[in-house]
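[1] below is the sequence, then the predicted model.
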Amino acid sequence: MSIPQTGGGPIERPEQLAEYLAAGCKPKEAWRIGTEHEKFGYCKDTLKPLPYDGPRSVKAVLEGLQGRFGWAPIREGDNIIGLEKDGANVSLEPGGQLELSGAPLRSIHETCDEVNAHLREVKSVADEIGVGFIGLGAAPTWRHEDMPRMPKGRYKLMTEYMGRVGTHGTQMMYRTCTVQVNLDFASEADMVQKLRVALALQPVATALFANSPFFEGRPNGHKSWRSRIWRDLDPDRTGMLPFVFDEGFGFEAWADYALDVPMYFVYRDGRYIDALGQSFRDFLRGELPALPGEVPTLSDWADHLTTIFPEARIKKYIEMRGADGGPWRRLCALPAFWVGLTYDQSALDAAWDLVKGWDAEMREGLRVAASVDALQGEAGGLKLRDLAREALTIAEAGLKARSMPGAGGLIPDETHFLNALQESVETGQVPADELLARYHGDWGGRLDPIFAEYAY
């Protein structure tokens, strides 16, 4: 979700930075699940991406959702750039990808109902104006010059900066989609254990959800090109974060890391002020060149934390960020995977036992193998398919232990949401494998059919 954050008043003590993160600690009964997913919109007749404005556009979809389903608009200047309702947000990524940032909900049953309701609403608006939406990790045919730019000051600044620090930044911004889940922690120690498990097992999620084997009209040599993009984007704010596994890691260490991530902007009075490459440490001293003499607020800190993009990150909760956007069924599988691994202590301990012996080289090797070969990948003698099988066994046990019923008690727990992932482990095939088989088979090397056959 890329809308301005709200965090509080002026920062008067350095300790407030870590305290802001620690304020996210919640007792287990207050833990919630927040699912986010992005999708590409396109014109059905031309198969081109949606412009921001016009009769068939991102704006038309937002206005349709607002008028028909009671969403309240979020504006930047005169432009509608998002929606909000009942604790959820609909927002825009740089190339017009439409994102649902779901409300914090108690169960995967509830978050899946929310996803389903959202997709039905979007489809009802889109069908009437000749628009479709599709869940893929990367745009299969579009080039950079095909992509519109959404009218958001944040994205204008980021676009200008990306070319200075890596080779794939604008590809990430304009031509990728993800699905992620946001989860709570009880204490600093709980956060540390969960974040370590999250980072170590992101390659398993990347492999299971790999769904971006095409780019610019042809196979790209990776089953998750989206994951490949993140490896050459901006080393200051991406990666697997080996320091998280150091003894003594906690909220203060994360704050120190975030302070050294170069800034993008400061948000003031409805506009984004260019602070590209500047230092939040200087900001704390009142020496930020963009705003000389001014000190940051906690809202500025909250905004800055949204500009850090590792494979898993913390704000007042943990974000799992390793999965490609994908088909409807898998949008509920991702929260099931991570909730099962982390919301039951026995499962979390088992997950940590699975990964605690790995070093940074092993974790990075698995990350690369997952992007290239998905479940067929391996690193350091570990096969991702075997790791996925073990992780799913732990996740299933964790969901059974939660015993969170659905459908008025007719469904005893949340384990059935893992079915799509278990099928992948049984067959060794993930969405990218299916797409490649179609491309080399009945599609005859053409990609146009992907839009009609895999649209929501």
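    Perfect, thanks for sending it. These figures come from a predicted structure and were not determined experimentally.

[2] C-alpha only now, for contacts and for neighbours.
    Noted.

[3] what's the burial count for residue 405?
    16 (other CA atoms under 10 Å).

[4] do the same with residue 344
    By the criterion of other CA under 10 Å, residue 344 has 19 neighbours.

[5] same question, the one 5 residues further on
    The number of residues packed around residue 349, counting by other CA under 10 Å, is 16.

[6] in the chain, where is pLDDT below threshold?
    Counting by pLDDT under 70, the chain shows low-confidence ranges at 1-7.

[7] and the lengthiest strand in it, what does it pack onto?
    The strand of greatest length in the chain, counted in residues with DSSP state E as the criterion, is given as strand 33-43. Helices and strands in packing contact with strand 33-43 are listed as strand 98-101, helix 108-128, strand 131-134, strand 178-183, helix 328-342; criterion 3 or more CA pairs under 8 Å, 6 or more residues apart in numbering; DSSP states H and E.

[8] now what about that strand, what contacts it?
    If you take CA atoms under 8 Å, 6 or more residues apart in numbering as the criterion, strand 33-43 is touched by 48-50, 56, 58, 96-108, 111, 130-136, 139, 177-184, 325, 331, 335, 339.

[9] right, and residue 371 touches residue 220 too?
    No. With the criterion set as CA atoms under 8 Å, residue 371 and residue 220 do not qualify as a contacting pair; they are 11.0 Å apart.

[10] so where do the strands sit in the stretch 101-250 of the chain?
    When secondary structure is read from DSSP state E, counting those that start in this stretch, the stretch 101-250 of the chain shows strands at 131-134, 178-183, 214-215, 218-219.

[11] and the first one, how far from the chain's centre?
    Between the centre of strand 131-134 and the centre of its host chain there is 20 Å, according to CA atoms, centre = their mean, to the nearest Å.

[12] same thing with the last one?
    Centroid separation for strand 218-219 versus its chain: 24 Å, with CA atoms, centre = their mean.

[13] ok, it: who's next to it in the sheet?
    Looking at strand 218-219 with DSSP bridges, its paired strands and their directions are strand 214-215 (antiparallel).

[14] chain center to the strand it pairs with: distance?
    Counting by CA atoms, centre = their mean, strand 214-215 is centred 20 Å from the centre of its parent chain.

[15] so what's the residue count around the residue nearest to residue 53 when sequence neighbours are not counted?
    Leaving out its chain neighbours, the residue that sits closest to residue 53 by CA to CA, 6 or more residues apart in numbering is residue 59, at 5.5 Å. A count of neighbours around residue 59, defined by other CA under 10 Å, yields 22.

[16] who are the neighbours in contact with the residue in the chain sticking out farthest from the centre?
    With CA atoms, centre = their mean as the measure, the chain has its most outlying C-alpha, relative to the mean C-alpha position, at residue 293: 35.2 Å. If you count contacts by CA under 8 Å, 6+ apart, residue 293 has them with 286-287.

[17] how near is the nearest residue to residue 332 once chain neighbours are set aside to residue 375?
    Leaving out its chain neighbours, the residue that sits closest to residue 332 by CA to CA, 6+ apart is residue 112, at 5.5 Å. In this structure, residue 112 lies at 25 Å from residue 375, with CA to CA, to the nearest Å as the measure.

[18] likewise residue 412?
    According to CA to CA, residue 412 and residue 375 sit 30 Å apart.

[19] between helix 328-342 and the helix or strand residue 396 falls within, find me the angle.
    Residue 396 is located in helix 384-402, with elements delineated by DSSP states H and E. Inter-element angle recorded for helix 384-402 and helix 328-342: 70 degrees (by axes from the mean of the first three to the mean of the last three CA atoms, to 10 degrees).

[20] okay, buried residues for stretch 102-122 please.
    Residues of stretch 102-122 classed as buried under the neighbour-count rule (16 or more other CA atoms under 10 Å) are 102-105, 107-112, 114-116, 118, 121-122.

[21] for residue 402, state which of these is nearest.
    Proximity of the buried residues of stretch 102-122 to residue 402 (CA to CA) peaks at residue 107, which lies at 9.6 Å.

[22] quick revisit: ok, residue 371 and residue 220, which is more surrounded?
    For residue 371 versus residue 220, neighbours defined as other CA under 10 Å are more numerous around residue 371 (28 against 15).

[23] checking the more buried one next. Helix, strand or coil?
    For residue 371, the reduced secondary structure class is helix; criterion used: DSSP: H, G, I helix; E, B strand; the rest coil.

[24] so what's it closest to, chain neighbours aside?
    Beyond its immediate neighbours in the sequence, the residue positioned closest to residue 371 (CA to CA, 6+ apart) is residue 224, lying 4.6 Å away.

[25] before we move on, back to that, which of the helices and strands packed on strand 33-43 sits closest to residue 248?
    By CA to CA (comparing all of these), the closest turns out to be helix 328-342, at 20.8 Å.

[26] for that closest one, buried residues please.
    Burial within helix 328-342, assessed by neighbour count using 16+ other CA under 10 Å, is assigned to 328, 330-342.
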